[in-house]
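Enquirer: Output the structure for:
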Amino acid sequence: MAFDIAIGKYHNADSVIHRLDPRTKLNLFLIMLVSTFLANGFLGLGILFAILLVGIALSSVPPKTILKAFAPVSFLLFFPLFFNLFFIKEGEVLFQWGFILITDESLFRAGFMTLRLLLMFLSATMLTLCTSPITLCDAIASMLRPFRRFGVPAYEISMMISIALRFIPTLLEDFDHILKSQRARGAVFDRGGPIARAKSLLPCIIPLFAQSFRHAEELALAMESRCYHGGENRTHYHVLKYAPRDFVALAICLAAFVALIIWL
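Expert: Reported below is the predicted structural model:
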């Protein structure tokens, strides 16, 4: 079993999307997220999907890299599909067999909520693929800086988010190594049903927790040895600056956002 997913990984490329300021990409992600919640029909989601597909084409990220992100989250797409399809009883009945009842309203909501979740996940994936964790940390700190006067720890929050994104692929790699070690000792993880397979993974959880604590301790010692004391009075080697392409990208997404609100 190999864990090779896109979440938390940065795809290094020299594309238009990669050259955008990280604050611009974070704002574009927030606009896409809000637009996804405001869309109330398939037409709105279709427009957002079209915009996202244009961004994917401009990012030079291989489709194979993006498709790898669907495997570990496919079960999340199942929940809105299942609950909306079988637990909503409103609308005209399309199919009925015993206690199973499917209506046109349940079918619409199941498809709509699944596509909405898929769009949110794709937007987050593209953000991490086209933005390195360090620049994303700087962007979050810069955007939260005005809230520091209200006591919000901007630099600490950005550092925690950056570390979390960075350690997702690390922990998955550790889990893969633990599985291979357990298989070498005769453990079997692919027998029985889903519940039996889930129970067979329990012996891997404790070593994974131990490894994660070990990573946290090593990171804390490394930061302490480099005299890291938060973001107070810290300077940056790469200073974030907006370029004309950032304003063009924001203007296009804001125009689509306003059109979505007015027309839909």
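Enquirer: ok, Leu250 touching Leu30?
Expert: No: the criterion here is Cβ atoms under 8 Å, and Leu250 misses it with Leu30 at 11.0 Å. (Glycine included, C-beta is placed from N, CA and C.)
Enquirer: out of those two, which sits in the busier spot?
Expert: Between Leu250 and Leu30, Leu250 has the larger neighbour count (other Cβ atoms under 10 Å), namely 18 against 14.
Enquirer: Return the distance of the host helix or strand of the more buried one from the chain's centre.
Expert: In this assignment (DSSP states H and E), Leu250 forms part of helix 244-263. Relative to the centre of its chain, helix 244-263 is centred 22 Å away, using Cα atoms, centre = their mean, to the nearest Å.
Enquirer: now stretch 132-145
Expert: Computed by Cα atoms, centre = their mean, the chain-centroid distance of stretch 132-145 equals 16 Å.
Enquirer: Identify each buried residue in that stretch, please.
Expert: Residues 132-133, 135-144 are the ones in stretch 132-145 that count as buried (16 or more other Cβ atoms under 10 Å).
Enquirer: Identify the residues contacting that stretch?
Expert: 8, 10, 21-23, 25-26, 127-128, 131, 152, 154-155, 157-159, 161-162, 165-166, 231, 236, 238, 240 (Cβ atoms under 8 Å, 6 or more residues apart in numbering).
Enquirer: right, and Ile100 touches Phe86 too?
Expert: Yes: taking contacts as Cβ under 8 Å, Ile100 lies within contact range of Phe86: 6.5 Å.
Enquirer: Between those two, which has more neighbouring residues?
Expert: Neighbour count, other Cβ under 10 Å: between Ile100 and Phe86, Phe86 has more, with 14 against 9.
Enquirer: so where does the more buried one fall, helix or strand?
Expert: If you go by DSSP H and E, Phe86 is part of helix 74-87.
Enquirer: For that helix, buried residues please.
Expert: Buried residues in helix 74-87, counting neighbours by 16+ other Cβ under 10 Å, are found at 77, 80-81, 84-85.
Enquirer: So which of those residues is the closest to Val34?
Expert: Comparing those against Val34 with Cβ to Cβ places Pro80 closest, at 18.9 Å.
Enquirer: distance of the nearest residue to that closest one once chain neighbours are set aside from Leu81?
Expert: Of all residues not flanking Pro80 in the chain, Met113 sits nearest, at 3.8 Å (Cβ to Cβ, 6 or more residues apart in numbering). Relative to Leu81, Met113 is positioned 7 Å away (Cβ to Cβ, to the nearest Å).
Enquirer: pLDDT at the closest residue to Asn27 other than its chain neighbours, what is it?
Expert: Nearest non-adjacent residue to Asn27, counting by Cβ to Cβ, 6+ apart: Leu250, 6.3 Å away. Note for Leu250: predicted pLDDT of 87.
Enquirer: wait, what's in contact with Leu250?
Expert: Leu250 is in contact with 24, 27-28, counting by Cβ under 8 Å, 6+ apart.
Enquirer: Let me know whether Thr170 touches His215 as I believe.
Expert: Yes: taking Cβ under 8 Å as the definition, Thr170 is a contact partner of His215 at 6.7 Å.
Enquirer: where do the strands sit along this protein?
Expert: Ranges of strands in the chain, per DSSP state E, are 93-97, 100-103.
Enquirer: Leu53: neighbour count?
Expert: Counted with other Cβ under 10 Å, the neighbours of Leu53 add up to 11.
Enquirer: What's the per-residue pLDDT of it here?
Expert: 89.
Enquirer: roughly how far apart are it and Val61?
Expert: In this view, Leu53 and Val61 are 12 Å apart by Cβ to Cβ.
Enquirer: can you check His11 too?
Expert: Using Cβ to Cβ, His11 is found at 5 Å from Val61.
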